[in-house]
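Participant: Just need the structure, nothing else, for what follows:
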Amino acid sequence: MRASRLLTIQLLLETRGRMSAQALAEALEVSVRTLYRDIDQLTAAGVPVYAERGRNGGFQLLDAWKTTLTGFTSAEAQAMFLSGLADPVTQLGLGHEVADAQLKLLAALPPHQRHEAQRLQARIHLDPIDWYRAGETLPQLVSVAAAVWHDQQLAIRYESWSGVADQIVHPLGLVLKAGTWYLVAALDGKPRTYRISNIHASRILEMRAQRPEDFELARYWAESVKRFEHNLYQDTATVLATAQGLRDLKRLSAAVAHAVALSETPEGRRHADGRAIITIPIETIDHATIQLLPLAPDVEVIEPLTLKRSLLQKLHTISRCYGLALEKPDTACQD
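Facilitator: Residues are numbered from 1 along each chain as shown. The predicted model follows:
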């Protein structure tokens, strides 16, 4: 375990440059005291790690010093060849480079690891696109990616809910979420998220992009997703659900699935007829109507009254569309 940790310290310092003791300890999930012992062991073994004191100090390797690795473990070699990564990297304009890199790596592996890597590649395929969705056409992605790689400012024409506007942004990173690409970029000093498919035009500028020193792409994205999900649900609805209804509700969203999971605990409420009583988060009345209508009769809305009325109105509209007379609703569903 320690040998693996010592190697990780070398790789972190080699790839990230100077790092504080606290940052290294957090990355390794150890205490600062343990980290200092590891650093002492590295220096005793001849690894040129040195420390600088002060506010911006930390540990770093001597310039031009590189770790020499003699090979991958079997698991690491297999992971490098997981199929399905080709589409995203091709969209970024790096398809040939990745294919060449994999070929070179494959040639450098020992025969048994080469066989295992090829075997895994033939048996596992990663498809990041949702069901019933085609991959987006993204003519601006390569240009946007180039601005990200080279830390250059980017002029974009972007379409948002408020209309189309021209902006000059400072690219900070790219994110692939459920088959959709997003650009994270700073505008007026604040990071923002742009959907790549909504960028109608882009032009790389000569000026260098300004990147906040404390910005971390993964942390920003996690916080953005959490904030988005929190703001997404504006209200709640209370429903009665059969066992099938519970299974159907779980498929709506992670937030609804969490509410269902709570209802299945001993503390969960039950109706006299045995159905579960659940309060689920909803975005809007219209959106909830579209989501819950197909789940009837296994899911019945108790409240709010506005949602019940919306569901009944939708049923009347559908019946008129097909020239059918809608029977009087069951008393359980009336106001």
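
Participant: can we go C-alpha only for contacts and neighbour counts from here?
Facilitator: OK.

Participant: Identify the bridge partners of the nearest residue to residue 196 once chain neighbours are set aside.
Facilitator: The shortest distance from residue 196 to any residue other than its chain neighbours is 5.3 Å, reached at residue 182 (C-alpha to C-alpha, 6 or more residues apart in numbering). Per DSSP bridges, the residues bridged to residue 182 are residue 175, residue 195.

Participant: isn't residue 140 right next to residue 203, touching?
Facilitator: No: counting by C-alpha atoms under 8 Å, residue 140 does not reach residue 203; the two are 9.2 Å apart.

Participant: got a list of what the residue nearest to residue 196 touches?
Facilitator: 174, 175, 176, 193, 194, 195, 196 (C-alpha atoms under 8 Å, 6 or more residues apart in numbering).

Participant: And residue 20, by the same measure?
Facilitator: The neighbours of residue 20, taking C-alpha under 8 Å, 6+ apart as the test, are 57, 58, 59.

Participant: now with 6 Å?
Facilitator: residue 58 (C-alpha atoms under 6 Å, 6 or more residues apart in numbering).

Participant: picking that back up, looking at residue 140 and residue 203, which is more packed in?
Facilitator: residue 140 (19 against 15; other C-alpha atoms under 10 Å).

Participant: which residues are contacting the helix or strand harbouring residue 172?
Facilitator: Assigned by DSSP states H and E, residue 172 belongs to strand 163-177. Contacts with strand 163-177, where a contact means C-alpha under 6 Å, 6+ apart, come from 148, 153-158, 181-187, 209.

Participant: Using neighbour counts, give me the buried entries of these.
Facilitator: Buried members of the contacts of strand 163-177, scored by 16 or more other C-alpha atoms under 10 Å, are 148, 153-158, 181-186, 209.

Participant: on that earlier part again, can you list which of the contacts of strand 163-177 are found in helices?
Facilitator: Counting by DSSP state H, those place residue 148 in helices.

Participant: which of the contacts of strand 163-177 lies closest to residue 130?
Facilitator: Closest approach to residue 130 among those (C-alpha to C-alpha): residue 181, at 13.1 Å.

Participant: can you pull the pLDDT of that closest one?
Facilitator: We have a pLDDT of 91 for residue 181.

Participant: For it, list the residues it contacts.
Facilitator: 175, 196.

Participant: Report the separation between it and residue 251.
Facilitator: 24 Å (C-alpha to C-alpha, to the nearest Å).

Participant: Likewise for residue 204?
Facilitator: Taken as C-alpha to C-alpha, the span from residue 204 to residue 251 is 42 Å.

Participant: and what of residue 234?
Facilitator: Distance from residue 234 to residue 251, by C-alpha to C-alpha: 19 Å.

Participant: and if you look at residue 7?
Facilitator: 43 Å.

Participant: With residue 309 instead?
Facilitator: 24 Å.

Participant: what about the two, which has more around it?
Facilitator: residue 309 (17 against 10).

Participant: measure that one to residue 302 for me?
Facilitator: 11 Å.

Participant: Farthest pair within the buried ones among the contacts of strand 163-177?
Facilitator: 181 and 209 (20.3 Å).

Participant: What segments of the stretch 151-300 of the chain are helices?
Facilitator: Under the criterion DSSP state H, counting those that start in this stretch, the stretch 151-300 of the chain carries helices at the ranges 217-232, 243-250, 254-263, 285-292.

Participant: okay if I get these as JSON lines plus distance to residue 323, mean pLDDT and mean neighbour count?
Facilitator: Output for the helices of the stretch 151-300 of the chain, formatted as JSON lines (distance: least, C-alpha to C-alpha, whole Å; pLDDT from 0 to 100; neighbours: other C-alpha atoms under 10 Å):
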{"stretch": "helix 217-232", "distance to residue 323": "36", "mean pLDDT": "88", "mean neighbour count": "12"}
{"stretch": "helix 243-250", "distance to residue 323": "29", "mean pLDDT": "95", "mean neighbour count": "18"}
{"stretch": "helix 254-263", "distance to residue 323": "35", "mean pLDDT": "90", "mean neighbour count": "17"}
{"stretch": "helix 285-292", "distance to residue 323": "21", "mean pLDDT": "95", "mean neighbour count": "16"}
